[in-house]
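Enquirer: Show me how the following folds:
(2 chains)
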Amino acid sequence: LAKTTQPISMDSYEGQEVNITCSHNNIATNDYITWYQQFPSQGPRFIIQGYKTKVTNEVASLFIPADRKSSTLSLPRVSLSDTAVYYCLVVLPFNNAGNMLTFGGGTRLMVKP
Amino acid sequence: KAGVTQTPRYLIKTRGQQVTLSCSPISGHRSVSWYQQTPGQGLQFLFEYFSETQRNKGNFPGRFSGRQFSNSRSEMNVSTLELGDSALYLCASSLDIGELFFGEGSRLTVL
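Expert: Below you'll find the model as predicted:
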């Protein structure tokens, strides 16, 4: 599985848009990019997943350039409750090898009032 | 619908003891995987079960084991506990391959 690199931490203020970039230079043709969010003492929560271009849901947007070697998670108008650790993962869905996610260190986002 | 339920939420053991943690997946989910989270090592994959069969295994010693029952509920066991086994143990379920739904975890403290 492709290794991912993302900033260790980021600070933002309420109401701002936050963009967290993830590098995955060795992504394979069939890999997808997936983002999870984790609050202290809770399990990670799936945010969004995409293969190319742009994916948007009610929580976030995911931008993936044509070469797919990086991706950007965009959180619009963050609030204090968005303070969490965000993990970028490269996964291979729809394969018989099963679920085995490799989490990196994640990005610790701190939203300030 | 109910989420992933893990029990117990907190437990304290002493070195050398063994512990069993339980996970009830979301109804209909047949894949259950386990992760260990520590401040130093982050989130690490332990193993995954699907239809009562271990499908994947992470790089952990044989003291860590698991099983899955016919109703998809899963248990993991750690024998001969060491101080370094203190961690948050997370269970996740999914329909098959794809989005994982995590429980709130079982926090184990080994004294």
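Enquirer: low-confidence ranges in chain A?
Expert: Across chain A, residues meeting the criterion (pLDDT under 70) sit at A:1-2, A:93-99.
Enquirer: what residues are up against the residue of it found nearest chain B?
Expert: Minimum separation of chain A from chain B (C-beta to the nearest C-beta) falls at residue A:43, amounting to 2.7 Å. Yep, even glycine has a C-beta here, placed from its N, CA and C like the rest. Each residue near residue A:43 by C-beta atoms under 8 Å, 6 or more residues apart in numbering or on different chains is listed here: B:4, B:90, B:91, B:92, B:102, B:103, B:104, B:105.
Enquirer: okay, now the closest residue to the fourth one other than its chain neighbours: neighbour count?
Expert: If I follow you right, that is residue B:92. When the adjacent residues along the chain are set aside, residue B:92 lies closest to residue B:100, with 4.0 Å between them (C-beta to C-beta, 6 or more residues apart in numbering or on different chains). Applying other C-beta atoms under 10 Å in any protein chain shown, we find 27 residues neighbouring residue B:100.
Enquirer: ditto for residue B:69
Expert: Other residues near residue B:69 come to 11 when the count uses other C-beta under 10 Å.
Enquirer: could I have stretch B:15-25 exported to CSV, CA atoms only?
Expert: Taking Å, rounded to 0.1, in the frame of the first residue of the first chain, the C-alpha atoms of stretch B:15-25 are listed here in CSV:
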residue,chain,number,x,y,z
ARG,B,15,1.3,-8.0,34.1
GLY,B,16,1.0,-11.7,33.2
GLN,B,17,-2.8,-11.8,33.2
GLN,B,18,-4.9,-12.3,30.1
VAL,B,19,-7.8,-10.2,28.8
THR,B,20,-10.7,-10.8,26.4
LEU,B,21,-12.3,-7.9,24.6
SER,B,22,-15.6,-8.1,22.8
CYS,B,23,-17.0,-6.4,19.7
SER,B,24,-20.5,-6.5,18.3
PRO,B,25,-20.6,-5.2,14.7
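Enquirer: That one and chain A in contact?
Expert: No - using C-beta under 8 Å from any C-beta of the partner chain, stretch B:15-25 stays clear of chain A, coming no nearer than 10.8 Å.
Enquirer: which parts of chain B sit against chain A?
Expert: Taking C-beta under 8 Å from any C-beta, the part of chain B that reaches chain A is made up of B:4, B:31, B:33, B:35, B:42-45, B:48, B:50, B:55-56, B:58, B:88, B:90-92, B:94, B:97-105, B:107.
Enquirer: What sits closest to the residue nearest in space to the middle of chain A if chain neighbours are left out?
Expert: Nearest to the geometric centre of chain A sits residue A:35, at 3.1 Å (C-alpha atoms, centre = their mean). Residue nearest to residue A:35 in three dimensions, not counting chain neighbours: residue A:47, with 4.5 Å by C-beta to C-beta, 6+ apart.
Enquirer: Can I get stretch A:83-95 as PDB, trimmed to CA atoms?
Expert: The C-alpha trace of stretch A:83-95 is given here as PDB (Å, rounded to 0.1, in the frame of the first residue of the first chain):
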ATOM      1  CA  THR A  83     -10.800  20.000  16.300                       C
ATOM      2  CA  ALA A  84      -9.500  16.400  15.700                       C
ATOM      3  CA  VAL A  85      -6.900  14.300  14.100                       C
ATOM      4  CA  TYR A  86      -7.400  13.700  10.400                       C
ATOM      5  CA  TYR A  87      -5.900  10.700   8.700                       C
ATOM      6  CA  CYS A  88      -5.300  10.300   5.000                       C
ATOM      7  CA  LEU A  89      -5.200   6.700   3.700                       C
ATOM      8  CA  VAL A  90      -4.700   5.000   0.400                       C
ATOM      9  CA  VAL A  91      -6.900   1.900   0.200                       C
ATOM     10  CA  LEU A  92      -7.700  -0.800  -2.300                       C
ATOM     11  CA  PRO A  93     -11.400  -1.400  -2.100                       C
ATOM     12  CA  PHE A  94     -13.100  -4.200  -3.900                       C
ATOM     13  CA  ASN A  95     -10.300  -6.700  -3.400                       C
END
